[in-house]
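>>> When you get a sec, could you give me coordinates for this:
(4 chains)
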Number of protein chains: 2
Amino acid sequence: MRPTVIDIAREAGVSLATVDRVLNGRPGVRAKTVQAVQDAITRLGYVRDVAAANLARSRTYRMAFVLPDTESQFVQTLLDALDLAGRMAASARTEIILRRFPAEDPHALAAILTRLAAEDIAGVALMAPETPIVRDAIRSLHQQGMAVVALVSDLPNTERDHFVGIDNIAAGRTAAVLMGRFLTGQGQVIVVGQSMLLRESIERRFGFDQVMMRDFLQVEVLQTVESHGRPQVLRQIVSETLSHAANVRGIYLLGAGHRALSEALADLDLAGRMVVIGHELTPHARAALEAGRMDAVITQNVGHLVRSALRVLRARTDRVPIDESQEQIRIEIVIRENLPARAETQSDL
Amino acid sequence: MRPTVIDIAREAGVSLATVDRVLNGRPGVRAKTVQAVQDAITRLGYVRDVAAANLARSRTYRMAFVLPDTESQFVQTLLDALDLAGRMAASARTEIILRRFPAEDPHALAAILTRLAAEDIAGVALMAPETPIVRDAIRSLHQQGMAVVALVSDLPNTERDHFVGIDNIAAGRTAAVLMGRFLTGQGQVIVVGQSMLLRESIERRFGFDQVMMRDFLQVEVLQTVESHGRPQVLRQIVSETLSHAANVRGIYLLGAGHRALSEALADLDLAGRMVVIGHELTPHARAALEAGRMDAVITQNVGHLVRSALRVLRARTDRVPIDESQEQIRIEIVIRENLPARAETQSDL
DNA sequence: GAAAAAATGAGGAACGTACCTCAGAAATAG
DNA sequence: CTATTTCTGAGGTACGTTCCTCATTTTTTC
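Numbers count the residues shown, from 1 in each chain, chains lettered A, B, ... in the order given. Presented below is the predicted three-dimensional model:
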C-alpha cells in the first residue's frame, strides 16, 4: 500500500496536524520537527495524492485564455483545440474561460486583463503582442497571485511565468533549410508576411535569412511583402512581385494566408511549380499539402499548446514542478507524407 | 457551483442510490428511471469528478510495460521516458511495472505475460513482435479484463485495444521524400536495416520504395543490407557495398545503428558527403545531426509514446473515452535546425 | 388479489487530504 | 522561576464519489 499522511505521522512520531502543517508549508513548526517529518516522508517514499488533495481543497481551476479576435484560421484551430480541451478538463475540476480582444487595441486588452482579476481566476494564458500597457497588466495580475503564461507569442520582458510556444527563430531556420535544399540550385525566393510588426514574423524572417545567407548563397531572398491580413492585397502584391522578378522559384509564407496564396498562384498558373513553405497547419495548409501545391509546413501542435498551457497553469497554481520535457513544444515539419490524419471532432460523452 | 450527484438526485426526483446505480451501470433500475436520471444529468450538465471517483474507488492503477531486453539506444530512451513518467504518475495513483524479455524468445515473453495475470495489473503496454504464442497470451490477458496496448510495434492481428506508435509505412514514405529531394539528381541509395524480420523495418522499407519508385526514378535504391544489431557487421557491409557501387550518394537507416554507421562513414572518409536519413532520435542520432553527419531523422516522441500508452490504459480501465487527437503519435521530422533542446533529467521533487 | 420478484430509498462508511479550533505542552524571555 | 510566546496534539468536518446493507415500496406473475 502507498503510504498516507497517517503513516508519516506515525513514522515521524508526530501528530497528523503537524504533518499537515509541514506538507502545506503552514507556519508554526520548529525547524527540527519539520526535518523529522521530511525524513519520514523520504524514508517512506510518500507521494501526495493530488486527486485527494484537490478534492479536499475543493479547488476548482478557472483558467482564462485571452486571444485576439482575429478571424485567422490559426486562431480558429486554436479555438477548436481549446474547446476540446475544455470538455476534457471539465472532469478534472478545470474550467476554461475564453476572452477575445480587438487585435490592434492594447487598451481593450488591458481592460480585459484587469477585469479578469476580479473574477477569481487562477491563471491566464495570453496570446498578444507585447506593449507597455500589457506589461503593466501582467505585472498586476501577477501581484494578485495569478499564474500567467504567454501563448504562441512570447512576452519575454514581462513577468510571465512561462512561454508556451516554439522558438520562432529556429522555426525560420528550419524553413530555410528546407527551402534551400528543395530548391536545388539558384533562384529567387519571395517572403510573404501578414505584418512585420508581429514578433513571430520578425523572428522567423530573421532565422530564415540567417540560414539562407550561411548555406544557400545562390538563392536570392527578396524583401518581405506584407498582406496586412487581407487576401486581396496578398494576391495583388504577389502577382506584382512575380511580374517584376524573373527567377522566383520559392515562396516562404511567414504566417497565415495559405488560402489567398493558393488562389494567387492558381490565378498565375503557377500552382505546383514553386517550392512553397509556410507556417501553421490550418485546414487550408493541409489541403495545399495534400494537393501538392505546398511542399512543407512548419507548425506547432495546437492541441499540445493548449494542454501544455493548462498543465503549466495548474502546476503553477499548485506550486508543483512541471515536466519540462513534456512542456517543450516541438517545431514540427509536415509534408504530405507525414500529414497526421484529420483530427476528428470528439464524439460526445 | 458544479452539480454533484446530490443535485442529480434532487433534479430527477430519485434517491442518491439510484443515481449511483445509473452512473455506474449497476443493475436493478427500470429503463424509465434510468432515462429520468440521464435527463437530469444532461439538464444540469453534470460531469463526473474523476478525482473524487477514483479516490472513492481507492483504485490504483498498476500498469505493466513489457519491453525487449535489447541494449539499443532507442529502447534506452524509452526506458528513460518511462522512468520519468513513472515518477510523475505516482501522484496520480498510477504505478509502472517494468518487465524485460529476451529479445528473440517468444516463449519467455509469453511466460512473463502469463505471470502478469496473477499480479493484479490493470493494463499492459507491450513492445514485441507478433507471434502466435504472443497472440494467445494477449487473448488470455484480455479475457481476464486487462487492457492491452501495442507499443511502437503494432500487433494488428491480436486483440490489443490500441496501438501507440506511428504508421511506419508513412514514416518510410516521409524518409523517401526527404531523401529524394535532398539528393538532387541521380545516384544510388543504400538501405541499412537491423533485421528485415522486424515489422517496422519491413514497413518502412515498403513505404520508402513506394515513393522512390513513384517520384524519384532517377535514384536507384539498392538492396537492404542487414546488420543484425552488430556494429562491426554494419561497418563491414557498408564498406563493402560502397566499394562495389560507384555512385552511392545517400544512406537510409531503417532503425538503430546510428553510431556504427557514423563510424563506418568516418573510416571511409565519407562523413558529411552523403545524404544520411535515419529513424529514432537517440543520443547518437542527435550528435550526428548536430555535427552535420546526418541530414534528417524521422522519429516519434518517446515521452509522448509512454504518456499516451498510460493514458489509453487508464481510459480503458475506467471505460472512459480517449481524446483521439491527443493519442495520435506524430511522425516527426528532425533536422539540425529544429532539434529540440536536450531533455534535462528531471530535478527531484 | 396474494405471493414473488424487482426496484427504490435511506443511511452510513470509506477513500486521502485539507483546514479548522482549542487545549495543552514545550521552549523562550524577562 | 514565572510569564509569555511558540509549538504540537487531538479531534472534527468537509470534498464528491463508490459501494455496502436493509427496509420499504412498486411492479409483475399466476
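>>> what's near enough to touch A:Q210?
Shown in contact with A:Q210 (Cβ atoms under 8 Å, 6 or more residues apart in numbering or on different chains): A:I169, A:G172, A:R173, A:A176. C-beta: built from backbone N, CA, C; applies to glycine.
>>> How much space separates A:V148 from A:R199?
Between A:V148 and A:R199 the computed distance is 17 Å (Cβ to Cβ, to the nearest Å).
>>> ok, back up a step: which members of the contacts of A:Q210 define the maximum pairwise distance?
Maximum pairwise distance in these, criterion Cβ to Cβ, is 10.6 Å, between A:I169 and A:A176.
>>> got any residues that touch both of these two?
Common neighbours of A:I169 and A:A176 (Cβ under 8 Å, 6+ apart) are A:G207, A:Q210.
>>> ok, those two, which is more surrounded?
More crowded of A:I169 and A:A176, by other Cβ atoms under 10 Å in any protein chain shown: A:A176, with 28 against 18.
>>> Quick check: closest non-adjacent residue to the more buried one.
The shortest distance from A:A176 to any non-neighbouring residue, by Cβ to Cβ, 6 or more residues apart in numbering or on different chains, is to A:V211 (3.6 Å).
>>> so what's that neighbour up against?
A:G172, A:R173, A:A176, A:V177, A:G180, B:E337.
>>> got the residues you listed as CSV, with pLDDT and distance to A:G28 columns?
Compiled in CSV, the contacts of A:V211 are given as follows (pLDDT from 0 to 100; distance: Cβ to Cβ, whole Å):
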residue, pLDDT, distance to A:G28
A:G172, 97, 54
A:R173, 98, 54
A:A176, 97, 59
A:V177, 97, 59
A:G180, 96, 65
B:E337, 96, 54
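>>> Could you tell me which of the residues you listed are located in strands?
Among those, no member falls in strands (criterion: DSSP state E).
>>> Farthest pair within the residues you listed?
Every pair of these checked by Cβ to Cβ; the farthest is A:G172 and A:G180, at 12.3 Å.
>>> More neighbours: which of the two?
A side-by-side neighbour count of A:G172 and A:G180, using other Cβ under 10 Å, places A:G172 first with 29 against 21.
>>> Chain B versus that one, what's the distance?
Using Cβ to the nearest Cβ, to the nearest Å, A:G172 is found at 9 Å from chain B.
>>> same thing with A:T317?
15 Å.
>>> quick one: buried residues of stretch A:11-24?
Neighbour-count burial for stretch A:11-24 flags A:E11, A:A12, A:V14, A:T18, A:V19, A:R21, A:V22, A:L23 (criterion: 16 or more other Cβ atoms under 10 Å in any protein chain shown).
>>> Nearest to A:Q300 among these?
Using Cβ to Cβ, those come closest to A:Q300 at A:L23, 37.1 Å.
>>> I'd say that closest one and A:D49 touch.
No - look at A:L23 against A:D49 with Cβ atoms under 8 Å: they stay out of range, at 11.5 Å.
>>> how about the contacts of A:Q210 in TSV, adding distance to A:F65?
Listed next are the contacts of A:Q210 as TSV, based on distance: Cβ to Cβ, whole Å:
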residue	distance to A:F65
A:I169	25
A:G172	26
A:R173	29
A:A176	32
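>>> re the thing from before, among the buried residues of stretch A:11-24, name the ones in strands.
Counting by DSSP E, these contribute nothing to strands.
>>> Identify the farthest-apart pair in these.
Pairwise over the buried residues of stretch A:11-24, using Cβ to Cβ, the maximum falls at A:E11 and A:R21, 16.0 Å.
>>> Which residues of the stretch 1-150 of chain A lie near DNA strand D?
A:13-18, A:21, A:27-30, A:32-33, A:52, A:55-56, A:58 (Cβ under 7 Å from any atom of the strand).
>>> Check the residues you listed one by one and keep those near chain B.
Counting by Cβ under 8 Å from any Cβ of the partner chain, A:A52, A:L55 from those sit close to chain B.
>>> Model confidence for the closest residue to DNA strand C within chain A, exactly?
Residue nearest to DNA strand C within chain A (Cβ to the nearest atom of the strand): A:A56, separated by 2.6 Å. A:A56 is assigned a pLDDT of 90 by the prediction.
>>> Are we agreed that it is in a helix?
Yes - assessed with DSSP: H, G, I helix; E, B strand; the rest coil, A:A56 lies in a helix.
>>> wouldn't A:D161 be in contact with A:V148 here?
Yes - counting by Cβ under 8 Å, A:D161 does reach A:V148; the two are 5.7 Å apart.
>>> Which of the two has more residues huddled nearby?
A:V148 (24 against 19).
>>> contacting residues around the more buried one?
Contacts of A:V148 by Cβ under 8 Å, 6+ apart are A:G123, A:V124, A:A125, A:L126, A:I138, A:L141, A:H142, A:T158, A:E159, A:R160, A:D161.
>>> just checking, the fifth one touches A:T158?
To tie it back to what came earlier, the one meant is A:I138. Yes - contact criterion Cβ under 8 Å: A:I138 and A:T158 qualify, at 4.5 Å.
>>> Show me which of those two is the more surrounded one.
A:I138 (25 against 20).
>>> what helix or strand is the more buried one on?
Per DSSP states H and E: A:I138 is located in helix A:132-143.
>>> I'd like the distance from the very next helix or strand once past that helix to the chain centre, please.
Sequence-wise, the next helix or strand downstream of helix A:132-143 (DSSP H and E) is strand A:147-151. Centre-to-centre, strand A:147-151 and its host chain are 10 Å apart (Cα atoms, centre = their mean, to the nearest Å).
>>> in stretch A:51-62, what's buried?
So stretch A:51-62, judged by 16+ other Cβ under 10 Å, has buried residues A:A51, A:A52, A:A53, A:N54, A:L55, A:Y61, A:R62.
>>> And stretch A:310-320, by the same measure?
A:L310, A:R311, A:V312, A:L313, A:R314, A:A315, A:R316, A:T317, A:D318.
>>> How about the third one, nearest residue that isn't a chain neighbour?
The reference is to A:V312. A:H162 (4.9 Å).
>>> Tell me how many other residues surround that neighbour.
A:H162 has 20 nearby residues by other Cβ under 10 Å.
>>> That one: what's it in contact with?
Taking Cβ under 8 Å, 6+ apart, one finds A:V149, A:A150, A:V312, A:R316, A:I322, A:E327 in contact with A:H162.
>>> min pLDDT across those residues, which one?
Minimum confidence in those sits at A:I322, scoring 85.
>>> what residues are up against that residue?
Taking Cβ under 8 Å, 6+ apart as the test, what A:I322 contacts is A:H162, A:R311, A:V312, A:A315.
>>> so it sits in a strand?
No - looking at A:I322 with three-state DSSP, it is coil, so not inside a strand.
>>> Can you show me the strands along chain A?
A:61-68, A:94-101, A:123-126, A:147-151, A:162-164, A:187-193, A:219-226, A:248-253, A:275-279, A:296-299, A:332-334.
>>> Can you tell me which of those strands is most buried?
strand A:123-126 (a mean of 28; mean count of other Cβ atoms under 10 Å in any protein chain shown).
>>> contact partners of that one?
A:61, A:63-66, A:113, A:116, A:134, A:138, A:141, A:146-151, A:155, A:160, A:164, A:309-310, A:313-314, A:316-317.
>>> What average pLDDT does it get?
96.
>>> That strand pairs with which strands?
Strand pairing for strand A:123-126, determined by DSSP bridges: strand A:61-68 (parallel), strand A:147-151 (parallel).
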